[in-house]
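> Need a 3D model of the following:
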Amino acid sequence: MRVFNIMMSRDLGGIQQAYLDYSEALKMHNHEVINISSMSAKINQLLQSNHSLPNIGHWCIFSKILLRILIVFYKPKVIICHGNRAINFAKAFKQRNSIIIGVSHNYSYKYLKKCDYVISLTNELKEHLLKHEIEEKKLLSLPNMIRIKHSYNPINYSSPIVIGALGRFVSKKGFVYLIEAFSMLKKAGHNIVLLIGGDGEDRAILEKKVKELALEKLVVFHGWVTDKDEFFKQIDIFCLPSINEPFGIILLEAMEHSKPIVATFSGGPAELITEGKNGLLADIESSQSLYNKLEKLIIDPRMAHKLSSMAYSQLKEKYDIKIVSKKLSNILKEIVK
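Model (predicted):
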C-alpha cells in the first residue's frame, strides 16, 4: 500500500520522533512510504524525506499546490498527518480516493475534525476528542512506539547521582518545578547533580531560577540532544516534570535505557506509568511532590531497580515497534478495505 507520511514541524521533539517511527513501522510491513516534511525541518538530518515543502506559513499556497501535485502523481491510498499544518496542507486539495488520518499528538482537535480518521495515542486523549465532538467511529487507538536496541542494564548509581530531564524549554514541561525540587534535595544533603537536555524560549527563565537558588555548579544545561544514547548513559534517574503531556514518548526512551522514572500525573504519563510498579508519579506543578518521589529513588536503589526492570518488560510487551507496527498495518488495511 502506498502511504504518505507528512510532518511540517521544523523543531525536534516527540512529534518528530513519531514521524520517524511511523516511516520505519510502515516499511517493516512492506508499505511504500513517501515521507514529506518542511524544507527547513531539523528532522531531515535524521531521515531523508522523499519530498520537502516550502512551508512558509499555515497559509502557504505553494506547499498546498506542490502537495496536490504529489498526491495526483503518486495516488496514495492513505495520508498520515502529524500536526495541524500537515492536515491543513493535505486537506487543501484532497483526492477523493485518499484517506486522511490525523495523529492526535496533543490536545488540539480543530484540524483533526477534518480528517477521515484520527489515531488516539491514549485513552485520555480519546476521551478528550470524544468530548469535542469527534465521532467515535473515526477514532483509532494506537500508542507511540520505539525500536528497542538495548538490553536491560541493572542500575548502578554513580557518585554523585545524576538526575536527568529532557524536553523543550517551555512552561508546560514543568522544568522550573524540577529545579526547585532539586534544590530541596541538595538542602536535604543528597549528593546529586541535575542534567537538563533541550532548549527553547524559557531557557533564560530556567537559568535565572538556577542562579536564584545558587545551583550554577550543580545544574547543567546540555542543549539540544542529538545522541540520546549518550545522554542516557550520563544519568541515573530520569524525571519528566510536565504540567501537560499528552503521551511522553521520552518515557519510552528512558525505559529502553533502563532508567528509573519519576513523572507527573499529566495525561499520558499517568497511563504509561503505574505508581509503584514501573515508576513513580508526582503531582503536577508541585516541587514538593517531585522532591518526595525523587528522594525515594535516591535512597532506595533496590526500589529503583525493581521499577526500571518492570518498565523495561512492559515496554517490550506494549510499545516495541515490532508489535505496534503490526497493529498500524492492520488498521490501514482494514480502513482501506
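> Confirm that Val33 sits in a helix.
No. Using DSSP: H, G, I helix; E, B strand; the rest coil, the secondary structure at Val33 is strand, not a helix.
> For Gly13, which non-adjacent residue is spatially closest?
Once flanking residues are discounted, Gly13 sits nearest to Arg168: 5.9 Å by CB to CB, 6 or more residues apart in numbering. (C-beta placed from N, C-alpha, C; glycine too.)
> what about Gly197, helix or strand, and which?
For Gly197, the element it lies in under DSSP states H and E is strand 192-197.
> isn't Leu251 right next to Thr264, touching?
No. Using CB atoms under 8 Å, Leu251 is not in contact with Thr264; the gap is 10.9 Å.
> can you pull the contacts of the residue nearest to Gly13?
Asp11, Gly13, Gly198, Asp199, Gly200 (CB atoms under 8 Å, 6 or more residues apart in numbering).
> List the residues that contact the first one.
Okay, so that is Asp11. Contacts for Asp11 (CB under 8 Å, 6+ apart) come out as Lys42, Arg168.
> ok, now how distant is it from Trp224?
As judged by CB to CB, to the nearest Å, Asp11 and Trp224 stand 9 Å apart.
> quick one, the helix or strand that the strand holding Gly197 is followed by and strand 192-197 angle?
Heading C-terminal from strand 192-197, the first helix or strand you meet, by DSSP H and E, is helix 203-212. Relative orientation of helix 203-212 versus strand 192-197 (axes from the mean of the first three to the mean of the last three CA atoms, to 10 degrees): 170 degrees.
> helices or strands up against helix 203-212?
Using 3 or more CB pairs under 8 Å, 6 or more residues apart in numbering; DSSP states H and E, the elements in contact with helix 203-212 are helix 175-187, strand 219-223.
> try 10 Å this time
The helices and strands touching helix 203-212, judged by 3 or more CB pairs under 10 Å, 6 or more residues apart in numbering; DSSP states H and E, are helix 175-187, strand 192-197, strand 219-223.
> got a list of contacts for it?
Contact with helix 203-212 is made by 168-171, 173, 175-180, 182-183, 194, 196, 198, 200, 202, 215-221, 223, as judged by CB atoms under 10 Å, 6 or more residues apart in numbering.
> Buried subset of these as a ChimeraX selection?
Of these, the buried ones can be selected in ChimeraX as follows, counting by 16 or more other CB atoms under 10 Å:
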select :168,169,170,173,175,176,177,178,179,180,182,183,194,196,198,200,202,215,219,220,221
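> ranges for the helices of the chain?
14-28, 61-74, 84-92, 123-131, 175-187, 203-212, 228-233, 249-256, 268-272, 287-299, 301-318, 321-336 (DSSP state H).
> As TSV, those helices with mean pLDDT and distance to Tyr157 would be great.
Listed next are the helices of the chain as TSV, based on pLDDT from 0 to 100; distance: least, CB to CB, whole Å:
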stretch	mean pLDDT	distance to Tyr157
helix 14-28	93	28
helix 61-74	93	49
helix 84-92	93	42
helix 123-131	95	33
helix 175-187	98	14
helix 203-212	97	23
helix 228-233	96	14
helix 249-256	96	16
helix 268-272	94	23
helix 287-299	98	8
helix 301-318	97	6
helix 321-336	96	30
